[in-house]
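> okay, structure incoming, though there's no sequence with it:
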């Protein structure tokens, strides 16, 4: 399974890694959006959630996988836009590739909860796609078991002192950037502990951090599509390799496939499959 999963993740990366800024690289942005629509569409009907920005309409792609449970869904999201000039291999083609393989896994295997997958647009312009969607859920009083934001999952550096942190956190976490991080609001403490244990059992070093007050005390913890869900009162976790705290190619033209650790990415994906499939009932 591992080698096949690794091959599929690599194939997704080959299609997704390209400049795809919605304003400066609209052709790449369109291509990747339609690739995601096609791949998600292999597992069910893909719906559009549209939202306005600067006089135009942008689109989140949503897939609800078939599930017999009537419980609130686990929502898993990753953004598909990039900053200008970057092909966005780690940020966030890795998150998208894992999103597509989670669609495959849960299309073939039932979880304890329904699974909803979302590709968010305009994350790089202030989390606009996820803000619009989280507010819609709140306004319509829809519940979620958990929201998971996949935000940069493929950069690993096994050299000592390769990992940086916001102030004071360096005293509590390792200085080697070879782990995946889980950052959640306080109500996700049990899920953070459970998922980190499953990831470690799958040979993926993992560290986790519960935050209070919506992450505003440590603003770096808010830098992805999970934070609008925190603000709307939902349980939400960011899964990340910690972005510029580790990856020197963050938001640059050098954020390419060649800089990624495919073995690390595959283990993260596999661990998330197993962890989310067996996430305890609540």
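Received, thanks. Computed from a predicted structure; not experimentally measured. Numbers count the residues shown, from 1 in each chain.
> rest of the way, CA atoms for contacts and neighbours
Fine.
> this structure: helices as residue ranges?
Along the chain, counting by DSSP state H, helices occupy 2-16, 26-40, 94-108, 128-139, 189-201, 227-231, 262-277.
> which of these sits closest to residue 79?
helix 94-108 (7.1 Å; C-alpha to C-alpha).
> next, the angle helix 26-40 makes with the closest one.
The directions of helix 94-108 and helix 26-40 differ by 20 degrees, with axes from the mean of the first three to the mean of the last three C-alpha atoms, to 10 degrees as the criterion.
> so which elements touch helix 94-108?
helix 2-16, helix 26-40, strand 74-79, strand 115-120, strand 146-151, helix 262-277 (3 or more C-alpha pairs under 8 Å, 6 or more residues apart in numbering; DSSP states H and E).
> make it 6 Å
Packing partners of helix 94-108 (3 or more C-alpha pairs under 6 Å, 6 or more residues apart in numbering; DSSP states H and E): none among the helices and strands.
> buried residues, it. List them.
Within helix 94-108, the residues scored as buried using 16 or more other C-alpha atoms under 10 Å are 94-107.
> circling back: quick one, which of the helices of the chain gets closest to residue 54.
Nearest to residue 54, of these and by C-alpha to C-alpha, is helix 128-139 at 11.5 Å.
> the closest one to strand 146-151, inter-axis angle?
Going by the same axes, to 10 degrees, helix 128-139 is angled at 180 degrees with respect to strand 146-151.
> nearest to residue 183 among the helices of the chain would be which one?
helix 189-201 (7.7 Å).
> who's in contact with the most centrally placed residue in the chain?
For the chain, residue 150 is the residue whose C-alpha lies nearest the centre (C-alpha atoms, centre = their mean; 0.9 Å). Going by C-alpha atoms under 6 Å, 6 or more residues apart in numbering, residue 150 touches 78, 95, 239.
> make TSV out of the residues you listed and add distance to residue 219 and pLDDT.
Below are the contacts of residue 150 laid out as TSV (distance: C-alpha to C-alpha, whole Å; pLDDT from 0 to 100):
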residue	distance to residue 219	pLDDT
78	20	99
95	21	99
239	16	99
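> make TSV from these and add distance to residue 164 to it.
TSV is the format used below for the contacts of residue 150 (distance: C-alpha to C-alpha, whole Å):
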residue	distance to residue 164
78	23
95	21
239	17
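> farthest residue from the center of the chain?
Most distant residue from the mean C-alpha position of the chain: residue 55, 27.7 Å away (C-alpha atoms, centre = their mean).
> and it, how close does it get to residue 137?
23 Å (C-alpha to C-alpha, to the nearest Å).
> sounds good, over and out.
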